[in-house]
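Chemist: predicted model, plus sequence, below.
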Amino acid sequence: MSTTVPPEIAERTRTLRALLHRWGYAYYVLDALEVSDAIYDQHYRELVELESRYPELVSPDSPTRRVGERPAPAFVSVTHRVPMFSLENAFSQAELEKWGERLVREIGPDLEFVCELKIDGSATALSYENGVLVRGATRGDGVEGEEITQNLRTIRAIPLKLLGGEMPSVLEVRGEAFIPRDEFERINQERQAAGEKLFANPRNACAGTLRQLDSRVVAARRLGFFAYTAHFGCAQSQWEALAELESHGFRVNPHRSLCRDLAEVRTFCEHWEHHRHALPYDTDGVVVKVNAFDHQREVGFTSKFPRWAIAFKYPAEEKSTVVEAIAVQVGRTGALTPVAELQPVTVAGTTVSRATLHNQDRIESLDVRVGDTVIVRKAGEIIPEVVRVIGELRPPEAVPYVFPQTCPECGTAVVRAPGEVAVRCPNPRCPALVRGKLGHWCAALEIDGIGDKLIARLVSLGLVHTVADLYELSAEQLAGLERLGARSAAKIVEQLDRSRHQPWSRVLYGLGLRHIGASVSVELARAFPSAAALAQADLAAIASLYGFGEELARSVVEWFAQAENRELLERLEAHGLQLAGGERAAQSSALSGLTFVITGTLPTLSREECTALIESCGGKVTSSVSSRTSYVVAGEKAGSKLARAQELKVAVLDEEQLRALIETRETP
């Protein structure tokens, strides 16, 4: 391996990269063939040979970086720079027009909309720094996803380096990875020949492919990609953003329309309802967005969705079956949800034996009874629901269903607040509410080992009544429970101890305030960096936050007004939970301007503690290694990140060397 690269070799390498980028862009994005496969392969092999002889010439944007990296040991969690909100759904033209008319009343008659086909795949987030792809991630819960950069690099329609001249230093791109229909058929034919289980549909196949640890498997399945959103770019509207994405080399779905009014939106949706099956990929609807970004900011967000966008879903597959029983579930907020227990039936590729009836009003309007033959479908192709009753097939002995007047769990009289559709159990000690709150807390704070069955046992035995009680459990108590040995008990206690280090935003989300989801909790924690600050905030201060409103603000104010909730916070604080901590303030500037990646197990510091140490000294911690990484801090069992650091010649420190670096740079 030579240490000196001849200038002509360096220039040839740059030329080869430019040619391969251009030819790949033409083929995979523009569907234009500029050169034959033989010529492309000839130049590709030449680049591979040069980079092998001169590894210092390898760059993150090289076409050779798309395929062939070693399998990843696991996926790591990453936080999205901009949360990836899900969309509200409209299942009829009437619902779509009701949404649009409300916005027209708010903004004015000149409101424009952009219609784009809703691709049935997997949402992904791409991060570019100075025009180079540095990270790719799954959507996850919208706030955090899994880093799958290695896999997304294999998708030819995703540029490793942005085209165009001047570009933002940071560009966040959202898009949909998908498997075309003919590729899906090819994959299933191969799996059938190999005696493997077939994929149910292209969407499931895509999701499973993106979570492969070996990127060579991903590359072999030839995924497609359409970009649909850009953050931190120069555009002032969604229509301009799509054009900007195209100018940077992304493939943007050509079937889109700038609509001047709701009539044009309706025409677009109706057209593609009848023509979508001719497309080479699956689409299950149309995404409609307010065009101007100023108007988007003006209408803001609900607790879950942007108010300026909606997904119009085409009618889902419907099947008939028989209602064998009607049960009522009680959720963590006390809401009673009726559920139809059905004769099993296959809907959209999966077996359905239970379907939601939503609420008391819905069950009464359907007049569904035990013994009825009903039509079921998957709402949003995910949650099974009963659509209608086939009255002609009703058995003579079927009687009207009477909604319970008392909680089926604790016997407390149920209540229905004015203006609400939900009927609720008001008893905070109801076992169903307690179980729901405990389950939500454990999921929010990532406490492994405490599942629904263990929670049910803890509640039935009276060992746990609130989330604070979890932190008073001992390993001896847990080990004494049936089918739970000493080793499992010790691991659960260890998980509870680790959860004490979760940030204030996670704790806030785990408390389960109504309407306050994960992304909203992050925004609240940024604005009010402690429980005390949030408790003192008034309705107007909370409602004034971007994307918030009076309903969310009232939920927060009312929760903190309850004495039992304030007592719960005091107990959690006493148990060491983090009830404060917005953005960490640097205590020194020893590591100012330096970027770190942490990998492996350190001798004395947890990953969270090491991150806090670096940030307290002014450094920055990121999740992926790039040419801009200053140092990688590595402990035992360091995996692919250490290998990546060595490959890029990034300096590697152990814990002792990190402390020495801080001490050296702090010395006057």
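Modeler: Received, thanks.
Chemist: show me where the stretch 251-400 of the chain has its helices.
Modeler: With DSSP state H, counting those that start in this stretch as the criterion, the stretch 251-400 of the chain has helices at 262-275, 293-299, 360-366.
Chemist: using CSV, write down the CA coordinates of the first one.
Modeler: Taking Å, rounded to 0.1, in the frame of the first residue of the first chain, the C-alpha atoms of helix 262-275 are listed here in CSV:
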residue,chain,number,x,y,z
LEU,A,262,-60.1,21.4,-3.3
ALA,A,263,-61.9,20.5,-6.6
GLU,A,264,-58.5,19.8,-8.2
VAL,A,265,-57.5,17.8,-5.2
ARG,A,266,-60.6,15.6,-5.6
THR,A,267,-59.9,15.1,-9.3
PHE,A,268,-56.3,14.0,-8.6
CYS,A,269,-57.5,11.5,-5.9
GLU,A,270,-60.3,10.1,-8.1
HIS,A,271,-58.0,9.7,-11.1
TRP,A,272,-55.4,7.6,-9.1
GLU,A,273,-57.9,5.5,-7.4
HIS,A,274,-58.7,4.0,-10.8
HIS,A,275,-55.2,4.1,-12.3
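Chemist: quick check: buried residues in it?
Modeler: For helix 262-275, a neighbour-count test (16 or more other CB atoms under 10 Å) marks Leu262, Val265, Arg266, Phe268, Cys269, Trp272 as buried. Glycine gets a C-beta too; all of them are placed from N, C-alpha and C.
Chemist: same question, the last one
Modeler: Taking 16+ other CB under 10 Å as the neighbour-count basis, helix 360-366 is seen to contain the buried residues Gln360, Arg362, Ile363, Leu366.
Chemist: give me the low-pLDDT residue ranges for the stretch 101-250 of the chain?
Modeler: Filtered on pLDDT under 70, the stretch 101-250 of the chain yields the residue ranges 165, 193-196, 200.
Chemist: returning to that earlier point: mind putting the buried residues of helix 262-275 into a markdown table with pLDDT and distance to Pro384?
Modeler: A markdown table is the format used below for those (pLDDT from 0 to 100; distance: CB to CB, whole Å):
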| residue | pLDDT | distance to Pro384 |
| --- | --- | --- |
| Leu262 | 94 | 31 |
| Val265 | 96 | 29 |
| Arg266 | 95 | 28 |
| Phe268 | 96 | 29 |
| Cys269 | 94 | 24 |
| Trp272 | 91 | 25 |
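Chemist: mind putting those residues in TSV, distance to Ala413 included?
Modeler: Shown next, in TSV, are those (distance: CB to CB, whole Å):
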residue	distance to Ala413
Leu262	45
Val265	46
Arg266	46
Phe268	50
Cys269	45
Trp272	50
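Chemist: list the contacts of the nearest residue to Phe184 once chain neighbours are set aside.
Modeler: Nearest residue to Phe184, sequence neighbours excluded (CB to CB, 6 or more residues apart in numbering): Pro202, at 4.4 Å. Shown in contact with Pro202 (CB atoms under 8 Å, 6 or more residues apart in numbering): Asp120, Gly121, Phe178, Ile179, Pro180, Arg181, Phe184, Tyr281, Asp282.
Chemist: kindly format the C-alpha coordinates of stretch 176-186 as CSV.
Modeler: The C-alpha trace of stretch 176-186 is given here as CSV (Å, rounded to 0.1, in the frame of the first residue of the first chain):
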residue,chain,number,x,y,z
GLU,A,176,-40.1,6.3,1.2
ALA,A,177,-38.1,3.1,0.5
PHE,A,178,-40.1,0.5,-1.4
ILE,A,179,-39.9,-2.7,-3.3
PRO,A,180,-41.3,-2.6,-6.9
ARG,A,181,-43.9,-5.3,-7.7
ASP,A,182,-41.8,-7.3,-10.2
GLU,A,183,-38.9,-7.3,-7.7
PHE,A,184,-41.2,-8.5,-5.0
GLU,A,185,-42.4,-11.4,-7.2
ARG,A,186,-38.7,-12.3,-8.0
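Chemist: ok, residues contacting it?
Modeler: So stretch 176-186 is contacted by 119-124, 152, 155, 187, 199, 201-203, 205-206, 209-210, 221-226, 228, 280-282 (CB under 8 Å, 6+ apart).
Chemist: if we use 7 Å, what do you get?
Modeler: Residues outside stretch 176-186 that contact it (CB atoms under 7 Å, 6 or more residues apart in numbering) are 119-124, 155, 202, 205-206, 210, 221-226, 228, 280-282.
Chemist: what is the burial count for the spatially closest residue to Gln360 that is not a sequence neighbour?
Modeler: The spatial neighbour of Gln360 that comes closest, neighbours along the chain excluded (CB to CB, 6+ apart), is Phe403 at 4.7 Å. Neighbour count of Phe403, defined by other CB atoms under 10 Å: 15.
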